[in-house]
Every structure is written in C-alpha cells, then in structure tokens.
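K.L.:
structure of the sequence below:
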Amino acid sequence: MTQTNKYYRFDGMKAVSLWGDEGWITSNGGPAVELSDLVNHVPWLYRAVELVADRASTVPFAIVNKSGNDIDSSADYANAVGYMPQPRRLFDQLARAITVYGYAYALKVRNTARVLNVRYLIPTSVEMVQDANGSVTGFTRNLGTRRIDYTPDDIIAFWPASEQVEIGPPPSSPVIAAAQAAGVLKGADDFASGYMTRGGVRVTILAVPIETPDQEKKRLQSWWRNVVMGVKNAFGAHVMNADSVKPTVIGDGLDGLVNAQLTQSKREDIATALGVPQTLLFSNAANYATAVQDTLNLYNMTIMPLCEFMAECLNEQLFSRQGLRLEFRPETIDAFHEDEAQRAGAYKTYIDTGMQPSVAAQICGIELPQDMEYSELDEEEPEETPTPAPPDEVIETMEQPETVGETPAQLEAKRWERKAARLLEQGNIAAAVDFVCHALPEAEQERIRNGVIKCTTPDEVRALFAYDPIASMINALDRAAKAVLDDRQNPD
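P.N.:
From the prediction side, this is the model:
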C-alpha cells in the first residue's frame, strides 16, 4: 500500500502544512517597516543619521539683532533670548527628524506674554489641519487617548520643499530613499540571527504518513523543536525513525548570505541617499587627504544646506518677530580653516602671476564683507607717503592738475558713499559715521560725518559725497602748510 505523505515546513519555531486549512502562504510584501526600526537596527544607516545630526548640531552659530550685532553665540552661549536653553540638542533633534521623516516640528511653549521655551515634538505625533482652500488652520497632536489642538502660531513647522506637495510635509526623506537598501541589510542580519537561533539548521520539511494522528504530529513537532532548535543542541546526537519521518532540507544556510558585492552596494546606496561620503562611514576606505576633502564635501553639500534650512524656518516663524536672526557660521570649523588656507595660497599665486585681485578672488571663491565689492580689491594699492612740497609748488600743481585717474581720497569717499547708501536703505544711516578713513583730510571727514546723519534720501547721500574742488584745494593747502611748518620746526 502506497503511503501518501503530508508535508510540513519547520523553521525551528513553528510548523504549517503546505496546503489545506493551514496552508503555507508566501507573500512578496508585508507590513511596512517603521523608519525608526531601520535606523535602530541597521548599523550603516544608524551611523549615517548619527553623523548628519551630530555635525549639524555642532556648527557654530550666533543670534544677531537688527543692527547686525551678536547678542549671543555658540562660543559662550548664555540663552540671551530666554527660551532656548539647549540649542544644540534642539538642532540635533530637528536634523534627525528631517533626515529620517523628511519634516520636523517644534512647539512654542509660552504664556500670555511671551515664549518660554522651544520644545521638539515627535513628527509622527503631529497632524496638519487644513481648510477647504488648503490653508493651514492649525495642528493636532495625538498622545494615545489624548488629543491636543494648536494654532498655526503655536507650532514651528520644518517642511522641506517637494515637487509632490504644495504646502505641508513632503512624502520623502533621505532615510525613506535608503529604506530598501537598509531593508536588505536588515533582512540579512535577521536571517543570520534566526539561523543561529535554530542551532544552525536550515529550514526543513518533515514528511509523515498522511494517517499519522494529530497527537503524533504535535509530539513530533515538539520533539524536533527541543532537539534541534538552539545552538546548545547543534552538536548533539538524536535518533528518529527514518521510515516514518522523512526530513527534507530547503533554503540556504549562512553560505547563501556571502555576497560581499551586494552588501557593499547597499551600504553605498545608504551613504548616497543621506548625502554622506562613503569614506566617512568606511574607516578603511580613504587616506588622510581624501578624508579631509570628503569632510568638507559633507559640510558643503549636506550639513550646511540642512542648517540653513533650519535657520530659515526658525527666523521666519520665531526670531524675526523679535527683530532677531539666527546665523550659522561654519567658517570657524577646522575643515573650513584648511580650505581657507589653500584658497589663500591659490589667491596669492594668481596675484603673483599678474592677475587682477578682483578676478583672482572670484576664481578662488573668496567671500567679501557685505560693504565691499570685488572691484575695490584692484583699487586698494599700497600708498607711498608723499614728500611735502613747498607752497609754490603745490599751487603750481593745483593750477595744472594731472588727469591720471582718481586719487586715494576720492576712491575712499566713493566706498564711504556706497556704504552710507546701503545703510540708509537698511534704516541704519547713523552707522555710516563709524566708517574708518585713511586718505580723506580731517576737515572733509568732519564735514561728511556731520552731514551723513541728516541724510534721508539717496539723492542727499550723493550730494553730500559729491566732489568739491574748492574744499579739496583748501584741504590740500592746509596739509601742505602743516607739512612745511613741521619741517621748519624739526630741521634735520
């Protein structure tokens, strides 16, 4: 009589039949893996997120008032605003949320008079509320059975731009982009862990006669689990009736996971999605020079755009309402110091070959102060101290002026005029009095300082700085006369 066997799949944990009411169902998909679960269990992804958040939280910063003066800075932070006691922790949490989920939220904790604190909120606990026109009317936070409603002004929303969303959080993030690659690595780790938990036994099918009673099947299942599952049983000797039970091994063991190329590819996918150079994740992947350049690339391409985005959101929704501004200042970071040293060397090399300073500065990417233009680099040539001439020679020189270009005093007056015009536009014309002069006569400086604070329009500024030949002649005579008197009083 031919026996018909009923097949069961054993993975060391449970047994199900391959068909029937307990049929073995395979699926190409499954429940979505939480992003935080991937970050917590995939080392390469965790390290990449950690690196981005840590670097973003350590970028030097300052809080600046309308006059451009620092009221607080990371160098000696004193919480001058009163509502941000731990800014680095806040920046770290915001950077992590934006990297993992693609968006972030912070709550303005306040009383009826002012903001008391700025507190990070878990992004997945906050929902945006919109009206029929798509305008944001508020936010809702779900805390288990509790529901808290907030006005739009209560929440600081960090929503990066997305082509898929007009307003609100984007549907993508760096970790979402890396999720599939991270899932492959996590699956491989889970398989290896399960394989060792089963005592190094591959997935096995046990074939038993179809008339085997259910009680015997359960006993067989229990026996198989006890003698096989677990590393402690991996090397034991066990006896079974091969005529009535036929084990069939299916699937691969750990040797099926040995695919270094696949693992390397997925690690590279994670690094690419999060904008982290691979050399910073793989410690043996680069020499010193490459590591320095990749550190600079990390800041330029990933960290600083993220910090500038966070500053933009905080300035728009928090600081600007108090006349303040948050600025990140990466130029003091060691990586940028080395880059600036190389840039300065390249600039000098270009100048030594005869290139104009303005052109060399732009080629090297040198940033100038706000009140200075590149063309001014060509104008500021080293000045030689003129030898005082006798009064008659001075008069003769002024009667026949040379037309070889603008004098240092005229160039300095033009720079002062440009700065005054910009300060007038910013509503801070009084600051133009502090302009430092080197070439203008003292009398001319005094005339401009007294007049600039009275200027209310750009035309008045231009009129104040307009060249006055009579005043210039008087100032020149005054200087010459003083020089002659000094020579007579202090003869060689």
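
K.L.:
so what are the domain limits for the chain?
P.N.:
5-31+176-261, 392-489 (automatic domain parsing).

K.L.:
hey, least reliable of these by pLDDT?
P.N.:
Sorting these by mean pLDDT places domain 5-31+176-261 lowest, at a mean of 56.

K.L.:
is Phe319 in contact with Cys313, as I believe?
P.N.:
No - using CB atoms under 8 Å, Phe319 makes no contact with Cys313, being 10.1 Å away. C-beta: built from backbone N, CA, C; applies to glycine.

K.L.:
the stretch 201-350 of the chain: helices as residue ranges?
P.N.:
Applying DSSP state H, counting those that start in this stretch to the stretch 201-350 of the chain gives helices spanning 214-228, 260-274, 278-281, 288-298, 304-317, 334-352.

K.L.:
any idea which of the ones you listed scores lowest on pLDDT?
P.N.:
Among the helices of the stretch 201-350 of the chain, helix 334-352 carries the lowest mean pLDDT (a mean of 66).

K.L.:
mean confidence score for the helix or strand following it?
P.N.:
Using DSSP states H and E, the helix or strand that follows helix 334-352 towards the C-terminus is helix 357-363. Mean pLDDT, helix 357-363: 77.

K.L.:
can we start the residue count at 20 from this point?
P.N.:
OK, 20 is where the count begins now, so the last one is helix 376-382.

K.L.:
and helix 376-382, what's buried?
P.N.:
Using 16 or more other CB atoms under 10 Å as the test for burial, helix 376-382 gives 376-377, 379-380.

K.L.:
nearest to Asn59 among those?
P.N.:
Asn59 has its nearest neighbour among the buried residues of helix 376-382 in Ala380, at 47.8 Å by CB to CB.

K.L.:
ok, the closest one touching Tyr393?
P.N.:
Yes - counting by CB under 8 Å, a contact exists between Ala380 and Tyr393, whose distance comes to 5.7 Å.

K.L.:
please export the C-alpha coordinates of stretch 171-178 as CSV.
P.N.:
What follows is stretch 171-178, C-alpha atoms only, in CSV (Å, rounded to 0.1, in the frame of the first residue of the first chain):
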residue,chain,number,x,y,z
PRO,A,171,-0.6,77.7,13.4
ASP,A,172,1.4,80.2,15.5
ASP,A,173,2.0,77.6,18.3
ILE,A,174,4.0,75.2,16.0
ILE,A,175,7.2,75.8,14.1
ALA,A,176,7.0,73.6,11.1
PHE,A,177,10.1,72.5,9.2
TRP,A,178,8.8,71.4,5.8
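
K.L.:
how about the buried residues of helix 376-382, which pair is most distant?
P.N.:
Ser377 and Ala379 (7.4 Å).

K.L.:
Tyr124: which element?
P.N.:
strand 123-129.

K.L.:
hmm, who's touching that strand?
P.N.:
102, 109, 112-113, 116-117, 134-140, 142, 145, 158, 169, 172-177, 337 (CB atoms under 8 Å, 6 or more residues apart in numbering).

K.L.:
give me the subset of the residues you listed that lies in strands.
P.N.:
In this view, the contacts of strand 123-129 that belong to strands under DSSP state E are 134-140, 145, 158, 169, 174-177.

K.L.:
buried subset of those, written for ChimeraX?
P.N.:
Those of the ones in strands among the contacts of strand 123-129 that count as buried under 16+ other CB under 10 Å are selected in ChimeraX with:
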select :134,137,139,140,145,158,169,174,175,176,177
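
K.L.:
pick out the most distant pair among the ones in strands among the contacts of strand 123-129.
P.N.:
Longest span within those, CB to CB: Leu135 and Phe177, 20.5 Å.

K.L.:
for Ala113, which non-adjacent residue is closest in space?
P.N.:
Just so we're on the same page, residue 113 is Leu rather than Ala. Residue nearest to Leu113 in three dimensions, not counting chain neighbours: Ala123, with 4.7 Å by CB to CB, 6 or more residues apart in numbering.
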